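**Q** 3D, please:
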Amino acid sequence: MKITIAVLLTCHNRKERTLSCLKSLFNVDLPKNIELNIYLVDDGSVDGTSIAIQKLFPQVHIIQGNGTLFWNQGMRLAWKTAFKVYDYDFYCWLNDDVILDKNSLSNLLLDYHEAMVFSCSDVIISAACRIGVNIHEFSYGGRTDSGIVVPNGKIQRCKYINGNFVLVPRSIFKKIGYLSNHYTHALGDNDYGLRALEKGFLCFTSKFYLATCPPNEKIPGWCNPEISLLKRWKLFHSPLGLNIKEYNYYRKRFWGSRWVIFSVKAYLKTLFPRIYAKLSKI
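**A** Numbers count the residues shown, from 1 in each chain. Model prediction:
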């Protein structure tokens with residue numbers, strides 16, 4: 001039986017990274033019954049990304065953005081476009097800085113089926129990513145309230161999912177819909193996993209590392225004491241930083257009245273990062 005998968009990506013001025021990601025995607029080993037269709041939002045790139053993709057990978061469906069979509073809204077647009085074309089069995093989120101292993105997608109599908117049997121219902125699978133090709137240390141994947149979920153050869157439940165390489169089945173999409181319109185760049189992936197849990201579905205992470213994706217900076221710019229207060233304050237409100245309004249919405253949505261505590265902590269970390277770090281260790 002044919003299985004259809006829509007792979008969703010969004011990019012902005014990262015031509016070489018995006019091309020490397022697509023190359024790894026087209027190099028994955030897949031069973032003959034798997035049909036992939038790729039939908040990529042080029043969010044206003046001026047570095048020739050779209051032209052290069054059209055030349056090297058003409059089968060990719062390119063959707064043009066205006067440069068204001070960022071990750072969450074770009075992925076939302078890719079998802080909406082894909083669903084208009086076809087009602088796929090799965091929707092696969094893929095960051096354009098991810099390099100997939102040859103067996104990544106087939107193993108992710110195997111993990112999905114095993115997790116579905118275990119949970120007796122449909123599930124979301126977030127693939128574990130390593131920091132480097134030969135460096136088997138966690139960068140992205142599944143998390144719990146206790147921290148990261150490191151792959152151990154078994155499927156493991158998680159509460160929070162990173163959107164770097166994720167498989168969402170049709171049945172969950174039909175119940176939850178697209179990534180939330182309340183987020184511009186970050187938090188939409190965490191929000192989606194938590195909404196799935198609210199609906200009674202489960203989230204799992206893969207048995208093994210299935211891809212490589214270098215991590216972002218260890219200390220986010222909005223709370224990095226080495227960065228000026230003015231720049232921290234701008235990042236505190238920026239889609240590429242904390243984006244405090246959207247962060248507050250996220251905390252209210254899932255933590256109720258406790259959102260105030262998280263918000264106050266965020267302000268303190270931005271205004272007094274060194275003092276906050278010292279007090280946190282006490």
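
**Q** can you give me the strands in the stretch 1-150 of the chain?
**A** Listed in chain order, the strands of the stretch 1-150 of the chain (DSSP state E, counting those that start in this stretch) span 3-11, 34-43, 61-65, 90-94, 99-100, 123-132, 135-140, 142-144, 147-148.

**Q** how about JSON lines for those strands, with mean neighbour count and mean pLDDT added?
**A** All C-beta spots, glycine's among them, are computed from the backbone N, C-alpha and C. Converted to JSON lines, the strands of the stretch 1-150 of the chain look like this (neighbours: other Cβ atoms under 10 Å; pLDDT from 0 to 100):
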{"stretch": "strand 3-11", "mean neighbour count": "23", "mean pLDDT": "98"}
{"stretch": "strand 34-43", "mean neighbour count": "21", "mean pLDDT": "97"}
{"stretch": "strand 61-65", "mean neighbour count": "17", "mean pLDDT": "97"}
{"stretch": "strand 90-94", "mean neighbour count": "25", "mean pLDDT": "98"}
{"stretch": "strand 99-100", "mean neighbour count": "22", "mean pLDDT": "98"}
{"stretch": "strand 123-132", "mean neighbour count": "26", "mean pLDDT": "97"}
{"stretch": "strand 135-140", "mean neighbour count": "17", "mean pLDDT": "94"}
{"stretch": "strand 142-144", "mean neighbour count": "21", "mean pLDDT": "97"}
{"stretch": "strand 147-148", "mean neighbour count": "12", "mean pLDDT": "96"}
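
**Q** Would you mind giving those as TSV with distance to residue 194 added?
**A** As requested, those are exported to TSV (distance: least, Cβ to Cβ, whole Å):
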stretch	distance to residue 194
strand 3-11	20
strand 34-43	24
strand 61-65	26
strand 90-94	16
strand 99-100	26
strand 123-132	11
strand 135-140	17
strand 142-144	11
strand 147-148	17
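
**Q** Of all those, which one comes closest to residue 212?
**A** strand 99-100 (4.5 Å; Cβ to Cβ).

**Q** so what does that closest one touch, helix or strand wise?
**A** helix 15-26, strand 202-212 (3 or more Cβ pairs under 8 Å, 6 or more residues apart in numbering; DSSP states H and E).

**Q** so what's the most centrally placed residue in the chain up against?
**A** The residue lying closest to the centre of the chain (Cα atoms, centre = their mean) is residue 163, at 1.3 Å. Each residue near residue 163 by Cβ atoms under 8 Å, 6 or more residues apart in numbering is listed here: 71, 75, 93, 95, 126, 188-189, 192.

**Q** try residue 97
**A** Residue 97 makes contact with 14, 17, 21, 213-214, according to Cβ under 8 Å, 6+ apart.

**Q** Only the buried subset of the residues you listed, as a PyMOL command please.
**A** Selection of buried members from the contacts of residue 97 for PyMOL, criterion 16 or more other Cβ atoms under 10 Å:
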select buried, resi 17+21+213
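
**Q** closest to residue 131 among the contacts of residue 97?
**A** residue 214 (6.0 Å).

**Q** Contact partners for the closest one?
**A** Taking Cβ under 8 Å, 6+ apart, one finds 97, 131-132, 139 in contact with residue 214.

**Q** from these, which is closest to residue 180?
**A** Each of these was scored against residue 180 by Cβ to Cβ, and residue 97 proved nearest at 22.4 Å.

**Q** In this structure residue 270 contacts residue 234, no?
**A** No: if you go by Cβ atoms under 8 Å, residue 270 and residue 234 don't touch, sitting 10.3 Å apart.

**Q** more crowded one of those two?
**A** Between residue 270 and residue 234, counting by other Cβ atoms under 10 Å, residue 270 is the more crowded of the two (22 against 15).

**Q** Can you tell me the number of residues neighbouring residue 199?
**A** Count around residue 199 with other Cβ under 10 Å applied: 11.

**Q** Hmm, it is touching residue 174, no?
**A** No: checked against Cβ under 8 Å, the pair residue 199 and residue 174 is beyond contact range at 10.7 Å.

**Q** send the alpha carbons of stretch 226-240 over as CSV?
**A** Extracted in CSV, the C-alpha atoms of stretch 226-240 (Å, rounded to 0.1, in the frame of the first residue of the first chain):
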residue,chain,number,x,y,z
GLU,A,226,28.3,39.5,27.1
ILE,A,227,25.8,41.4,25.0
SER,A,228,24.8,45.0,25.7
LEU,A,229,21.5,45.6,27.5
LEU,A,230,20.1,47.5,24.4
LYS,A,231,20.8,44.5,22.2
ARG,A,232,19.4,42.1,24.8
TRP,A,233,16.3,44.2,25.1
LYS,A,234,15.8,44.2,21.3
LEU,A,235,16.2,40.4,21.2
PHE,A,236,13.8,40.1,24.2
HIS,A,237,11.1,41.4,21.9
SER,A,238,12.3,40.0,18.6
PRO,A,239,11.1,36.9,16.7
LEU,A,240,14.7,35.7,16.7
